[in-house]
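Student: here is the input, now give the coordinates:
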Amino acid sequence: IERVAIADALYAHAAGVIWAPDNQRVRTPFNRQWVVFYEASVIRLYDEWVTRTVRRQVKAGRRETKDDPGSDSEYEEVDASSWERREELQNRTIGISPNIYLDDGSDTRALIALRNMQEWAS
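Tutor: This is a model prediction of the structure:
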């Protein structure tokens with residue numbers, strides 16, 4: 001049995017549009033639209049000057065031969081600096097209508113009743 005067939009057997013399918021009464025809609029913080037659900041994030045984007053200590057080969061070693069015992073490679077530690085892109089979440093707000101319905105065009109609307117409406121909307 002395919003996963004799709006199992007899901008089809010367990011869940012009901014409904015077609016329509018998401019609807020909420022006008023007095024139960026929420027207003028988005030940035031463009032002030034009335035919606036059923038929103039998630040708004042403010043993210044700070046910036047560049048940061050970062051210095052790291054890196055190990056650099058100065059002299060390559062020689063392989064050991066019959067007549068030569070060889071030598072190890074020589075390294076030195078140097079500081080390397082560069083700009084690195086960073087982002088930081090400053091604020092996240094979520095708004096959701098208390099009652100959300102499915103409007104399928106018939107005379108009655110079906111209330112969507114879920115245990116965690118916010119997780120469903122995300």
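
Student: surely Thr28 meets Val35?
Tutor: Yes - the pair Thr28 / Val35 is scored as a contact, 5.8 Å apart, by C-beta atoms under 8 Å. Using the backbone N, CA and C atoms, a C-beta is placed for each residue, glycine as well.

Student: quick check: neighbours shared by these two?
Tutor: Both Thr28 and Val35 are in contact with Gly95, where contact means C-beta atoms under 8 Å, 6 or more residues apart in numbering.

Student: and what about Leu102, helix, strand or coil?
Tutor: Under the three-state scheme (DSSP: H, G, I helix; E, B strand; the rest coil), Leu102 adopts strand.

Student: name the nearest residue to Tyr38, sequence neighbours excluded.
Tutor: What sits nearest to Tyr38 in space, not counting adjacent residues and going by C-beta to C-beta, 6 or more residues apart in numbering, is Thr28, at 4.7 Å.

Student: ok, that neighbour to Asn99 distance?
Tutor: Distance, Thr28 to Asn99, using C-beta to C-beta, to the nearest Å: 19 Å.
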